[in-house]
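Predicted model and sequence follow; I will ask about them next.
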There are 2 protein chains.
Amino acid sequence: MGILERKEKQREEIRKMILEASMQLFVKEGFENVSIRKIADLIEYSPTTLYIYFKDKNEILFHLCEMGFEQMIASNLALVQIESPIDRLYLLGENYINFGLENPEYYDLMFIQNAPMKTIREQNLGHWPNGDIALETLKLIIQECMDKKLIPTGDVATISMAVWAVAHGLVSLAIRQRLERLVEPDKVVQSMHESIRWMINTLKKA
Amino acid sequence: MGILERKEKQREEIRKMILEASMQLFVKEGFENVSIRKIADLIEYSPTTLYIYFKDKNEILFHLCEMGFEQMIASNLALVQIESPIDRLYLLGENYINFGLENPEYYDLMFIQNAPMKTIREQNLGHWPNGDIALETLKLIIQECMDKKLIPTGDVATISMAVWAVAHGLVSLAIRQRLERLVEPDKVVQSMHESIRWMINTLKKA
DNA sequence: TTAAAATTATTAACACTGTTCATTATATTT
DNA sequence: AAATATAATGAACAGTGTTAATAATTTTAA
């Protein structure tokens, strides 16, 4: 059955080609400009060929989204070296905001666009591979904070949700140019960091 | 110069026609399905005519966005009757979440899409007519809470930002199907309300 | 009143988009 | 070598926002 294996490998290679071309377009022109035809041009295949390897454009965007998460997760590698879970939470928030501001296109795909979620539902994957990992990181830290009595005990998911909501609220309002309606443009980033720190501070004291 | 006035009135009437047709499509089919051609069909004009009355599609979406704010502001009318600013803040948060969940398409346009902000920048309006009003409401309440020593004193804009961030974070993650990755789907709405209440509670105690 | 100018509306077209179908080319199996 | 399965493609569908050129109408000026 070596032949089927080889075929599967070839298939996987072309899928990779498609995704790499997509990412190249993505980082250069933003995901609004990632089109089936442009990807096809780049790898010198016809547009219809992409549909042999992916169900639709959403599925390609889904994989780009997962790549974004890989980058975000990588940016959190330093976390494991911090012993205090509350300090870990501070850094997690810091990193989240920085990632969002530095990679708005990825952030968009990961947390704002519908496309990736559609794929998860349609192919009923049942889970969100890298997204769930990122959320698990947050929950584990909150759990540890509670275990060590650094923050008040409560429902981990609900507290995690509130923390995530602040961070996501800040980043998404910022990259959609809404925050500068409230704070002077050159103070937006600073205020964002203050907000997330303030949030964790009050959580600590609560 | 009565003739110029009449012309201006006629012009304004057709603009109104266009916007009303847009809104009709918007509420029926969602804003992804609002297209220049569909609007034109509805009012029985050619698509190009719309460009005589509006610069581009973004400008039309901008006006739909403003209509959304009018609805949101109207939903906050009951606020003035509440004497305690902290209770007003609770209701404001409640209303915000309800509005977002009940009008996800409007919410999208008001707080997520780029289109309306593009129009504000391009025509350099300098301000965001209804958006600024809505934000002012929040800031005034926070200010009054501080004046009456109900919450700790601090920078009004920054605290307002944090509160807005939680609310927007919750709503935008919810309508983009991200929250159900953290909390069971049937408990999302309840958890959202708990989160915003918790936020204001801790703000009160801080 | 009539000719010139300005406004308003339309048709046709451009340059795209995602996606599907029928057809051809290639590779694999019988 | 013939039949079958897989891979790739060209053409087309049905849409998108937008613009340039043109025709129709209305307003202004001579």
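Alright, I've got the coordinates.

and A:Tyr96, what element?
helix A:85-102 (DSSP states H and E).

packing partners for that helix?
Applying 3 or more CB pairs under 8 Å, 6 or more residues apart in numbering or on different chains; DSSP states H and E, one finds that helix A:85-102 makes contact with helix A:57-75, helix A:104-107, helix A:129-147, helix A:156-175, helix A:188-205. C-betas here are computed from N, CA, C, even on glycine.

Can you give the contact residues for the shortest one?
The contact list for helix A:104-107, computed with CB atoms under 8 Å, 6 or more residues apart in numbering or on different chains, reads A:26-27, A:30-31, A:64-65, A:67-68, A:71-72, A:99-100, A:171-172, A:175.

Longest helix in chain A, please.
Identified as the longest helix of chain A according to DSSP state H is helix A:2-29.

chain center to that helix: distance?
21 Å (CA atoms, centre = their mean, to the nearest Å).

how far off helix A:57-75 does it point, in degrees?
80 degrees (axes from the mean of the first three to the mean of the last three CA atoms, to 10 degrees).

Could you point out the helix or strand that follows helix A:2-29?
Following helix A:2-29 in sequence, per DSSP H and E, is helix A:36-43.

Name the residues that touch that following helix?
A:17-18, A:21-22, A:24-25, A:46-47, A:49-50, A:57, A:60.

from the chain's centre, how far out does that helix sit?
25 Å.

what angle separates it from helix A:57-75?
70 degrees.

The next helix or strand after helix A:36-43 near DNA strand C at all?
Downstream of helix A:36-43, the first helix or strand assigned by DSSP H and E is helix A:50-53. Yes. Using CB under 7 Å from any atom of the strand, we find that helix A:50-53 touches DNA strand C at A:Tyr51.

What helices and strands are in contact with helix A:50-53?
helix A:2-29, helix A:36-43.

The ones you listed: which one's closest to B:Leu203?
Within the helices and strands packed on helix A:50-53, the stretch nearest B:Leu203 is helix A:2-29; the backing value is 39.3 Å (CB to CB).

What residues of stretch A:167-181 count as buried?
Using 16 or more other CB atoms under 10 Å in any protein chain shown as the test for burial, stretch A:167-181 gives A:167-179, A:181.

Quick check: the farthest pair among the residues you listed?
A:Ala167 and A:Arg181 (19.4 Å).

Surely A:Asp108 and A:Phe31 touch.
Yes. Counting by CB atoms under 8 Å, A:Phe31 is a contact partner of A:Asp108 at 6.7 Å.
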